[in-house]
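Undergrad: Below are the sequence and a predicted model; questions follow.
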Amino acid sequence: MRKLIAAAVAIGALGGVPGSAAWAMPPRASSGPGTPTPATATAARGGTSTVTAAPAATAQAARAGTVTEIPLGASTQIYLFGLTTGPDGNLWFADQGCMGRGRCAIGHVESDGRLAVFTRGLRAGSLPYTIVTGADGNLWFTDDGRRPAIGRITPAGRITEFSRGLRPGSQPFELTLGPDGNVWFTDQGRHPAIGRISPRGRISEFSHGLPRSSVPFGIAAGSDGQVWFTDRGCARAGRCAVGRIALPSGDIAELRRGLRPGSQPLGIAAGTGGEMWFADSMGAIGQVSPGGQIAERTRGLETGSSPVAVTAGSDGNVWFTDEGLTAAVGRITPAGVIREFSAGVPTGSEPAAIAPAADGRLWFTDEGSTAAFGSVATGMPAAGRVLPRIASPARVGAPVVCGAGRFATWAGLAPSISAFRFDGFRWLGNGVPLRGHTGQSFTPARKDSGAWLACRETVTYPPPLNVTVSVISPEVRVQSPPVAAATTLNLTA
């Protein structure tokens, strides 16, 4: 994060977007920090590639606070930044490797360790920053490259970028899914603003209530129906603040009372009790009550602490990354008790983006000298407890039902099978989704005879977790209908 704040990147010097690369990820550690095997890079053709690695270990095996990192290579080649759980249940990320000698890309990591990256559709000189899942079933990202834009990528990897509606000199940074179904983002450009993009790609920006010296940074939806953000205006001889934008009016109000002198708020996230939490890079974790009162806490932080990003965890606590003198991942309880975990975080690390995932852990990106994915156990189980199952033998012409799976309760929240349009059931034939078959029941046709049939169940945990989980039943073979036995008649004269 310090690199992004302090560096003056010559965007115009960046070349076009070349093909992609892939990194084979080793298995995650199942308990306690160890020495992960470095991932290896392989060349790939076209705009996408995939690599399959060994299956991941289950989240139950590690106690809360256990940190594991998976190194990917030098940060001059790979520079991971944005991170989110996608509509397919996978972890998606933005790679800014083109700031060095690598490539810029959008990619995802599946639960079995397979990684795919996508570049086709990114504009020449693209610089993707942060990424979030939209209500439309796609992922959205900010692009502060040569031609600033808000980008959209489908789960299949098709990228489209939108610029109309951005102001001249725009610098879109972080984004979040708003309670209105739109994606909201911060714009740190010549005309600071809070922006909104609809699922159809229509961009609007709002600045009434923002000081001219404003530097909007982190952004998150609150449980109060508003969108909250942090303002690093003090970096431009202005004042730092925590702000909120009312929906649908777009009216902006900023709060400063309660911030410590010299405070620099960065990432922000909603907690499980209606409050907002933010990371203060000057050595504190801040809380904003539903009534708008700000309080900052420092007890429990390491000396030289510099918190960067925050997120709600599956255990009901809020977790954060700390790239201070002792790099760590930290936890703060609803009562404000802070504890940091540095065992397992390599020397030279800079933990940055952090997000909850379907395995019950928090995953984070490491922007240190060696780029890495990291995870920290929360002590909670993986979301999927019992897989869905096809309840009866599958035969041509006979309806079959997908019996629902069972899922863990996280932070007192159960997942929903109807929160978004991408939630629900989907039938697969030989591993391929069957077009139009999204109900809980399915009747195989004659053309399905001999195919391997499975059902996929997708559910999403409500805010502030916003974690989507997708699980697939064991496959069954579709059988042909039984052939009726021939009848022989004996006719006698």
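TA: That came through fine.
Undergrad: who touches the spatially most central residue of the chain in this structure?
TA: By C-alpha atoms, centre = their mean, the chain has its centre lying nearest to Thr84, at 0.6 Å. Contacts for Thr84 (C-beta atoms under 8 Å, 6 or more residues apart in numbering) come out as 91-93, 131-133, 139, 355. For every residue, glycine as well, the C-beta is placed using N, CA and C.
Undergrad: Try it again at 10 Å.
TA: 90-94, 108, 130-133, 139-141, 175-177, 311, 353, 355-357, 363, 466-468 (C-beta atoms under 10 Å, 6 or more residues apart in numbering).
Undergrad: Tell me what Ile332 is bridged to.
TA: Judged by DSSP bridges, the bridge partners of Ile332 are Val318, Ile338.
Undergrad: mind listing what it touches?
TA: If a contact means C-beta under 10 Å, 6+ apart, then Ile332 has 271, 277, 285, 287, 297, 300-301, 307, 310, 313, 317-320, 338-340 as its contacts.
Undergrad: Please apply the same query to Gly82.
TA: By C-beta under 10 Å, 6+ apart, the residues touching Gly82 are 92-96, 106, 128-132, 139, 141-142, 173-175, 352-353, 355, 365.
Undergrad: In the stretch 151-300 of the chain, where is pLDDT below threshold?
TA: Applying pLDDT under 70 to the stretch 151-300 of the chain flags residues 235-237.
Undergrad: change it to 80
TA: 235-238 (pLDDT under 80).
Undergrad: follow-up on the earlier one: what helix or strand is the residue nearest to the centre of the chain on?
TA: Here Thr84 sits within strand 80-85, counting by DSSP states H and E.
Undergrad: what is the rounded mean pLDDT of that strand?
TA: Here strand 80-85 scores 91 as its mean pLDDT.
Undergrad: Sheet-wise, list the partners of it with their directions.
TA: Partners of strand 80-85 in its sheet, by DSSP bridges: strand 91-96 (antiparallel).
Undergrad: Alpha carbons of the strand it pairs with, as CSV, please.
TA: Output of strand 91-96 as CSV, limited to C-alpha atoms (Å, rounded to 0.1, in the frame of the first residue of the first chain):
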residue,chain,number,x,y,z
LEU,A,91,-11.2,-15.6,-4.8
TRP,A,92,-10.7,-12.9,-7.5
PHE,A,93,-7.8,-10.4,-7.6
ALA,A,94,-6.3,-7.6,-9.5
ASP,A,95,-2.6,-7.9,-10.5
GLN,A,96,-0.6,-4.7,-11.1
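Undergrad: I'd like the average pLDDT over that strand.
TA: Mean predicted confidence for strand 91-96 is 92.
Undergrad: Downstream of it, the next helix or strand is which one?
TA: In the C-terminal direction, the helix or strand that comes right after strand 91-96 (DSSP H and E) is strand 104-109.
Undergrad: Now do that next one against strand 91-96, angle only.
TA: Using axes from the mean of the first three to the mean of the last three C-alpha atoms, to 10 degrees, the inter-axis angle of strand 104-109 relative to strand 91-96 is 160 degrees.
Undergrad: Show me what the helix or strand that strand 104-109 is followed by packs onto, helices and strands only.
TA: Per DSSP H and E, strand 104-109 leads on to strand 115-118 as the next helix or strand towards the C-terminus. On a contact count with 3 or more C-beta pairs under 10 Å, 6 or more residues apart in numbering; DSSP states H and E, strand 115-118 meets strand 21-24, strand 48-51, strand 91-96, strand 104-109.
Undergrad: Least confident of the ones you listed, on average?
TA: With a mean of 30, strand 21-24 has the lowest mean pLDDT of the helices and strands packed on strand 115-118.
Undergrad: per the record, what domains does the chain have?
TA: Listed domain ranges for the chain are 2-376, 384-477 (source: automatic domain parsing).
Undergrad: Return the most buried member of the ones you listed.
TA: Greatest average neighbour count among the domains of the chain goes to domain 2-376 (a mean of 20), per mean count of other C-beta atoms under 10 Å.
Undergrad: what's the spacing between it and its chain's center?
TA: Using C-alpha atoms, centre = their mean, to the nearest Å, the distance from the centre of domain 2-376 to the centre of the chain it belongs to is 8 Å.
Undergrad: How about stretch 376-383?
TA: So, by C-alpha atoms, centre = their mean, the centroid of stretch 376-383 is 16 Å from its chain's centroid.
Undergrad: Extract the C-alpha trace of it and format it as PDB.
TA: C-alpha atoms of stretch 376-383 as PDB (Å, rounded to 0.1, in the frame of the first residue of the first chain):
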ATOM      1  CA  VAL A 376      -5.500 -16.500   8.400                       C
ATOM      2  CA  ALA A 377      -7.700 -18.900  10.200                       C
ATOM      3  CA  THR A 378     -10.700 -17.500  12.100                       C
ATOM      4  CA  GLY A 379     -11.500 -20.700  14.000                       C
ATOM      5  CA  MET A 380     -14.700 -21.100  12.000                       C
ATOM      6  CA  PRO A 381     -15.500 -24.100   9.700                       C
ATOM      7  CA  ALA A 382     -15.700 -23.900   6.000                       C
ATOM      8  CA  ALA A 383     -19.100 -22.800   4.700                       C
END
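Undergrad: hang on, the earlier thing: who is the residue nearest to the centre of the chain paired with across the strands?
TA: With DSSP bridges as the rule, Thr84 is bridged to Trp92.
Undergrad: where do the helices sit along the protein?
TA: 2-6 (DSSP state H).
Undergrad: Pull the contacting residues for the nearest residue to Gln96 once chain neighbours are set aside.
TA: Nearest non-adjacent residue to Gln96, counting by C-beta to C-beta, 6 or more residues apart in numbering: Tyr79, 4.2 Å away. By C-beta under 10 Å, 6+ apart, the contact set of Tyr79 is 3-4, 72, 94-100, 102, 104, 127, 352, 365, 367, 371.
Undergrad: which residue sits closest to Pro415 in space, ignoring its chain neighbours?
TA: Per C-beta to C-beta, 6+ apart, closest to Pro415 is Val459, 3.8 Å.
Undergrad: State the distance from that neighbour to Ser263.
TA: To Ser263, Val459 is 38 Å away according to C-beta to C-beta, to the nearest Å.
Undergrad: Next: Asn466.
TA: Taking C-beta to C-beta, one finds Asn466 at 27 Å from Ser263.
Undergrad: now swap in Ile285 and tell me
TA: 11 Å.
Undergrad: shared neighbours, these two?
TA: Here Ile285 and Ser263 have 278, 296 as joint contacts, going by C-beta under 10 Å, 6+ apart.
Undergrad: end to end, how far does stretch 91-105 reach?
TA: Stretch 91-105 has an end-to-end distance of 14 Å (criterion: C-alpha to C-alpha, to the nearest Å).
Undergrad: now stretch 308-321
TA: End-to-end distance for stretch 308-321: 6 Å, by C-alpha to C-alpha.
Undergrad: quick one: average confidence on it?
TA: For stretch 308-321, the per-residue pLDDT averages 97.
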